[in-house]
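**Q** Sequence and predicted model, in that order:
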Amino acid sequence: MHTVELLELALQAVQGAGYRIRRDLLAGQGGGACTIRGQKWLFLDLGTDCTEQLDEVLEILREDPVMDTMKLPDELTILLDRRRAA
């Protein structure tokens, strides 16, 4: 599966966990997750490539305890396990 497809799967997973997603040019500073007025947000920097964006989203998937209760697509589970071991 291509990186863009994996990124879209990962974004669907974080949306399922209650995140709102904002894609914007952030001067190459990278994005991240935060909570604003009780709402979880994920900011993706369009100035970074798809691989960097995927890494950012995978990190959120690893850190948010809600993800432990969610069924993720096999492709994401394999990728999370692989990158966790690295």
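**A** Everything's here; your move.
**Q** The residue nearest the centre of the chain: what's it in contact with?
**A** For the chain, the residue nearest the mean C-alpha position is residue 57 (1.7 Å; Cα atoms, centre = their mean). Taking Cβ atoms under 8 Å, 6 or more residues apart in numbering, we find residue 57 in contact with 7, 10-11, 14, 42, 44. All C-beta atoms are positioned from the backbone trio N, CA, C, and that covers glycine.
**Q** Help me confirm that it is found in a helix?
**A** Yes - judged by DSSP: H, G, I helix; E, B strand; the rest coil, residue 57 forms part of a helix.
**Q** helix, strand or coil for residue 43?
**A** Applying three-state DSSP: residue 43 is strand.
**Q** ranges for the strands of the protein?
**A** Counting by DSSP state E, the segments of the chain that form strands are 19-24, 32-36, 39-45.
**Q** Counting neighbours, which of the contacts of residue 57 comes out on top?
**A** Within these, residue 10 tops the neighbour count with 25 neighbours, counted by other Cβ atoms under 10 Å.
**Q** quick one: it from residue 30, how far?
**A** 16 Å (Cβ to Cβ, to the nearest Å).
**Q** Please apply the same query to residue 67.
**A** 20 Å.
**Q** Wait, residue 44 touches residue 21, no?
**A** Yes - counting by Cβ atoms under 8 Å, residue 21 is a contact partner of residue 44 at 6.7 Å.
**Q** which secondary element of this protein has the worst mean pLDDT?
**A** Least confident helix or strand of the chain, by mean pLDDT, DSSP states H and E, is helix 74-85 with a mean of 76.
**Q** which intervals of the protein have sub-threshold pLDDT?
**A** For the chain, the stretches with pLDDT under 70 are 82-86.
**Q** how does it look with 90?
**A** Scanning the chain for pLDDT under 90 picks out 1-2, 26-32, 47, 62-86.
**Q** correct me, but residue 27 touches residue 48?
**A** No - counting by Cβ under 8 Å, residue 27 sits too far from residue 48 to count as a contact (10.3 Å).
**Q** Which residue of the two possesses the greater neighbour count?
**A** More crowded of residue 27 and residue 48, by other Cβ under 10 Å: residue 48, with 18 against 8.
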